[in-house]
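Asker: 3D model of this:
(2 chains)
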Amino acid sequence: MKKMSILLVVLSFLVSFCSFAFAQEAVVLELWNDKPTFSDWFTKLGEEASKSIGVSVKPVPFADTTTYNAAIRSALASKEAPDLFTWWSGCWLEELVDSGLLEDVTAIWDKYIQSGEVNPDLAAPYTFNGKIYGIPDANDYYVVFYNKKVFAENNLTPPTTWEEFISQCETLKNKGVIPLGCSIQDRWPSIIWFQQLVIGKDPDLYRDLTTGKVAFTDPRIKEIMQVWKDLIDKGYFNDPTIPGVGTTGQSQLAELFRQGKIAMILWGDWYDNFIRTEDFQPGEDYFVFFLPPLNPEAPNAVIFETAPTCIAKNAPNKEASIKFLDWWLSAEGQQIWHQLYPTIPSNLKTTVTNPILEYEIKTVSEGNYQLLTRFWEAIPNAILQPAVDELDRFMLDPSTLDQVLSNIEKVAQEYWASQK
Amino acid sequence: MKKVSFLDYVYLLPALVFVGVFLLYPVVRTVYISFTNWDGLTTPSFVGISNYSRLLRDPIFIHSLLNTGIWVLATLLLPVGIGLLVASISSKKPGEVFFKWIFYLPYAFSLTTTGVLWSFLLNPAQIGGTFNAILEAIGLGAYTKRWLYEPPWNTYAMIAAYTWQTMGTNMILFLVGLQNIPQEPIEASQIDGATGWQTYRYIIWPLLQPIATVVVLMALINSFKVFDVIWVMTQGGPFRSSETLAVTMYRESFTMFQMGYGAAIAIVLTAFELLLAWIYLRRTFQQEL
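Answerer: Below you'll find the predicted structure:
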């Protein structure tokens, strides 16, 4: 009997120990993404989340975006779906929502909107039929990076009007500095100047263009393209074949900017990651400004890129995934994320430590800027992809302007007709 | 003759399952998808032969088909031709080992790595692109180009990169073939007063045929499949100018999400490949018979 009692005590001790051990072990969620450079940040975020809520994440990065797209599309409907995955907002997200592949996370947003920690407008690119799918892992504005040393050497200050901007480009060109940096490596960056010039003409024109209410061959769009052509013809841009975003390990555009050979680069503020080095710091060596609108009468507007992390409907650890996104959107989660990856925080209680982002948030708020979804997310993929190719063609040979607009319009007409 | 027992079939089973799951099922599934409008997310709907009829009026497909033709011809001429030339010149001669090393070394790189390396070389001179810098240095600055962004030069530049990487293997295979040719017929032809070219044309080349058949067939199949080097160097661009059928298939399936159309291109690509391989093998074996 005594032996039996001892055995029972030992067994209950073992059971308690095992339960304790398992309780302490965090649930590890798979976070699929097409951002290999984020791996360390996701891992550290997971470590912090594990301490707070007992849920961690393991990044599963894909180096090529197209491959990632294909992998996600085939995995989501299967039993092999990831717990969490990064995606794009707007049309890209809508497609997955329509196919019923995403978990509704409205409850998470409601909690933080009600407590006044999150701006409800931020949910718009993730909201479909009144439900919200995903929380932002990155929020970025498209601004002009400028090299402070080059500006100082030429007695320039950030321009406040389009005319001033053009005059500064001329000054820089005459001094042997390339005024504007651009690239068509990886195809997509050709949308950057196009979207910026259209919103600078009229934000409503941009909205109408991306929703099929205005044709790409509209005289106003042609006029905008003509302005862009003039900028290229005057020699304000670098050769667009110079690699810009470094997916093949090359990012010479940023290098030329650091060397002062290129004075300004219009890009999403995440390009800061390519520009910043230990010896080249924001605030001291470079900063940003909002490009003055082409039309002085146009209201303040900025291109906004926001990218969600979503939960798959078939996620193996759905509850833990919801718990993780809830924590990530909290002030604690956002502060940790902001320190790891300086993007515009989604939670208003976050202390912004990056001078560029601090300036942007202040300017957008004080200037009452309209936020317009980036062209990539704003227009359906069936039009977007051919449009990107055609804009590449234009940047390589601006004399193709008419052909480019008519080619895009042909695809757009086919698409919108198929939707009726 | 031993009677085939049930157990023999059991031994075959793993191979049959493997081929069935990883080869036959995907082929059957691709044929099925090619008759649908599947977007990769929703349930596919049957659309008859519309994906195939669209091919005939799609300028991108037709351009891609022409590019594939250029790749096939160039691959047969360059990696195979140069491989044969180097092997023939260096076989059983001083420096053979040196040639083997030099020309075989690039094969140690993957085609992806080759693509990245050559992209660096073909960059604008402004950022250290070696080719353009050399042209400028020797006074041929007028011939500098945006090598990867000007059709058809982008296709030619990628063929050069592909040739650099693949030529070494062909050379090694030809060297093996040359070294296995018996000396007697060669010596006999020389005694009979044959010139070097005559010996090569009428003795060595016919004896090299078995190896040449394999090399050409492999080159033919690989040229249709070429994808990685193009994807890394241009992604088929700019404005889809350097796509081959394999790249077009990928773009339509995984960028445009027109899986049905992409599958139709895959079927056409496979059909072309099988047809050419069959014609080539039939002709080769007929000659041998």
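Asker: Output the set of residues of the stretch 1-150 of chain A in proximity to chain B.
Answerer: For the stretch 1-150 of chain A, the contact set with chain B under CB under 8 Å from any CB of the partner chain comprises A:66-67, A:69-70, A:73-74, A:76-77, A:95-96, A:99, A:101. (C-beta placed from N, C-alpha, C; glycine too.)
Asker: tally of neighbours for A:Trp92?
Answerer: Residues lying near A:Trp92 (other CB atoms under 10 Å in any protein chain shown) number 18.
Asker: can you pull the contacts of the residue lying closest to A:Gln168 once chain neighbours are set aside?
Answerer: Counting by CB to CB, 6 or more residues apart in numbering or on different chains, A:Leu156 is the residue found nearest to A:Gln168 once chain neighbours are left out, at 5.2 Å. Contacts for A:Leu156 (CB atoms under 8 Å, 6 or more residues apart in numbering or on different chains) come out as A:150, A:168, A:171-172.
Asker: B:Leu76 now?
Answerer: Counting by CB under 8 Å, 6+ apart, B:Leu76 touches B:216, B:219-220, B:223.
Asker: distance of B:Leu111 from B:Leu148?
Answerer: For B:Leu111, the distance to B:Leu148 equals 15 Å [CB to CB, to the nearest Å].
Asker: So between the two, which is more surrounded?
Answerer: B:Leu148 (25 against 19).
Asker: Am I right that the more buried one is in contact with B:Met233?
Answerer: Yes. If you go by CB atoms under 8 Å, B:Leu148 and B:Met233 touch, sitting 5.8 Å apart.
Asker: what do these two both touch?
Answerer: Common neighbours of B:Leu148 and B:Met233 (CB under 8 Å, 6+ apart) are B:119, B:122, B:154, B:157-158.
Asker: Kindly identify which of those also come near chain A.
Answerer: B:Ser119.
Asker: hmm, back to that, if any of the residues of the stretch 1-150 of chain A next to chain B are buried, put those into a PyMOL selection.
Answerer: Only the buried members of the residues of the stretch 1-150 of chain A next to chain B enter the following PyMOL selection, criterion being 16 or more other CB atoms under 10 Å in any protein chain shown:
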select buried, chain A and resi 66+69+70+73+76+77+95+96+99+101
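Asker: Residue numbers of the stretch 251-400 of chain A in contact with chain B?
Answerer: Selection of the stretch 251-400 of chain A residues close to chain B by CB under 8 Å from any CB yields A:252, A:255-256, A:381-382, A:385, A:389-390, A:392-393, A:396.
Asker: do that again at 6 Å, thanks
Answerer: Where the stretch 251-400 of chain A comes near chain B, counting by CB under 6 Å from any CB of the partner chain, the residues are A:252, A:385, A:389, A:392-393, A:396.
Asker: can you pick the most crowded of these?
Answerer: Going by other CB under 10 Å, A:Asp392 tops those with 26 neighbours.
Asker: Just say helix, strand or coil for that one.
Answerer: helix (DSSP: H, G, I helix; E, B strand; the rest coil).
Asker: That one against B:Arg240, yeah?
Answerer: No. With contact defined as CB atoms under 6 Å, A:Asp392 does not count as touching B:Arg240 (9.6 Å).
Asker: A:Arg220: neighbouring residues, count only.
Answerer: 16.
Asker: Leaving out sequence neighbours, find the closest residue to it.
Answerer: Spatially, and ignoring its direct neighbours in sequence, A:Arg220 is nearest to A:Leu205 (5.9 Å; CB to CB, 6+ apart).
Asker: quick one: that neighbour from chain B, how far?
Answerer: The spacing between A:Leu205 and chain B, counted by CB to the nearest CB, to the nearest Å, is 25 Å.
Asker: Now do the phi/psi pair for that residue.
Answerer: Main-chain torsions, A:Leu205, degrees, to the nearest 10: phi -60, psi -40.
Asker: Count the residues that sit near it.
Answerer: A:Leu205 has 20 neighbours, counted by other CB under 10 Å.
Asker: before we move on, what about B:Ala194?
Answerer: 16.
Asker: Quick check: residues of chain B near chain A?
Answerer: Taking CB under 6 Å from any CB as the contact definition, chain B meets chain A at B:40-42, B:116, B:119, B:124, B:127, B:146, B:149, B:238-240, B:254-256.
Asker: Quick one: buried ones out of those?
Answerer: Of these, these count as buried by 16+ other CB under 10 Å: B:40-41, B:116, B:119, B:124, B:127, B:146, B:149, B:238-240, B:254-256.
Asker: What residues sit buried inside stretch A:404-420?
Answerer: For stretch A:404-420, using 16+ other CB under 10 Å, the buried residues are A:404-405, A:407-409, A:411-412, A:415-416.
Asker: Where in chain B is the helix or strand with the lowest mean pLDDT?
Answerer: Lowest on mean pLDDT, DSSP states H and E among the helices and strands of chain B sits helix B:96-104, with a mean of 85.
Asker: what packs against that helix?
Answerer: Here helix B:96-104 touches helix B:81-90, helix B:153-179, going by 3 or more CB pairs under 6 Å, 6 or more residues apart in numbering or on different chains; DSSP states H and E.
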